[in-house]
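J.: here is the input, now give the coordinates:
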Amino acid sequence: MSESDQTVSDAVVSDAVTPDAAAAAPDAAAQDARPLSARLEAVLLAADRPVDTRSLAAAVAEPEPWVARALAGLQAEYDGPPERGFELRRVAGGWQLYVRAGYEDAVRRLVDERIPPRLSQAALETLAVIAYRQPISRGQISAIRAVNVDGVVRTLVARGLVEPAGVDEATQATLFRTTDLLLAELGVDSLDELPPISNLLPEDPEETDGERD
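T.: As a prediction, the model looks like this:
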């Protein structure tokens, strides 16, 4: 074999795919071949809370604009026709799959025993006051509802629907606000989407005497 032939032979050997590389190549090709929408569906199904577009893009290793277009496509696909039993919503600054309205009964029959206890009427009323008047103190909530709300507020905090939001400079009372979990539970992207009932609440509720936290 001539020197030139040996050089060509060495080049061919050096360019050849090793057994390990050959085994890995199909996996890489399969990953690239998977539809973006299918990969997004897998991530969304695994998520237990809203996931923002940037995090989704990182999870599927694709540019954000591509992911945004794919999400819009999934929304349209799920909305039909034909209509699916679930929908993709933008909530709390992220994306999450929800059971579509009208199909909850079938799900409830399956998982009813796993659903956390429903909030009491008192808790719902207190939560509404906080949502429309936040940040707000316990004394201000009590002034609006005309009842003591200490226990109810503790329940809402324990459920992750409400959280402390600093203190009132004048009274040093703890202020409370709603959380992103509440937005996710309500299926809305922001509090601006709530019904306009805040005009039914007092504009400037008075603090209860001597309130301190």
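
J.: how does the chain divide into domains?
T.: Using automatic domain parsing, the domain parsing of the chain gives 34-115, 121-200.

J.: can you pull out the low-pLDDT segments for this structure?
T.: Along the chain, segments meeting pLDDT under 70 span 1-33, 110-117, 197-213.

J.: take the domains of the chain and write them to JSON lines, including mean neighbour count.
T.: For glycine as for every other residue, the C-beta is placed from the backbone atoms N, C-alpha and C. Below are those laid out as JSON lines (neighbours: other CB atoms under 10 Å):
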{"stretch": "domain 34-115", "mean neighbour count": "14"}
{"stretch": "domain 121-200", "mean neighbour count": "16"}
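
J.: quick one: contacts for the residue nearest to the spatial centre of the chain?
T.: Nearest to the geometric centre of the chain sits residue 50, at 1.6 Å (CA atoms, centre = their mean). Residues near residue 50 by CB atoms under 8 Å, 6 or more residues apart in numbering: 91-96, 180, 183-184.

J.: who's in contact with the residue nearest to it when sequence neighbours are not counted?
T.: The shortest distance from residue 50 to any non-neighbouring residue, by CB to CB, 6 or more residues apart in numbering, is to residue 94 (2.9 Å). Residue 94 sits next to 49-53, 55 when contact means CB under 8 Å, 6+ apart.

J.: where's the spatially closest residue to residue 62 that is not a sequence neighbour relative to residue 89, distance?
T.: Nearest residue to residue 62, sequence neighbours excluded (CB to CB, 6+ apart): residue 36, at 5.9 Å. Distance, residue 36 to residue 89, by CB to CB, to the nearest Å: 19 Å.

J.: which parts of the chain are strands?
T.: Assigned by DSSP state E, the chain shows strands spanning 86-91, 94-99, 136-137, 162-167, 174-178.

J.: indicate which one of these is closest to residue 108.
T.: strand 94-99 (9.3 Å; CB to CB).

J.: between strand 86-91 and that closest one, find me the angle.
T.: 150 degrees (axes from the mean of the first three to the mean of the last three CA atoms, to 10 degrees).

J.: please put the alpha-carbon coordinates of strand 94-99 into PDB.
T.: Presented in PDB, the C-alpha positions along strand 94-99 are these (Å, rounded to 0.1, in the frame of the first residue of the first chain):
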ATOM      1  CA  GLY A  94     -48.100  30.400  33.000                       C
ATOM      2  CA  TRP A  95     -49.800  27.500  31.200                       C
ATOM      3  CA  GLN A  96     -51.700  24.600  32.700                       C
ATOM      4  CA  LEU A  97     -54.100  21.900  31.500                       C
ATOM      5  CA  TYR A  98     -57.600  22.000  33.100                       C
ATOM      6  CA  VAL A  99     -60.700  19.800  32.900                       C
END
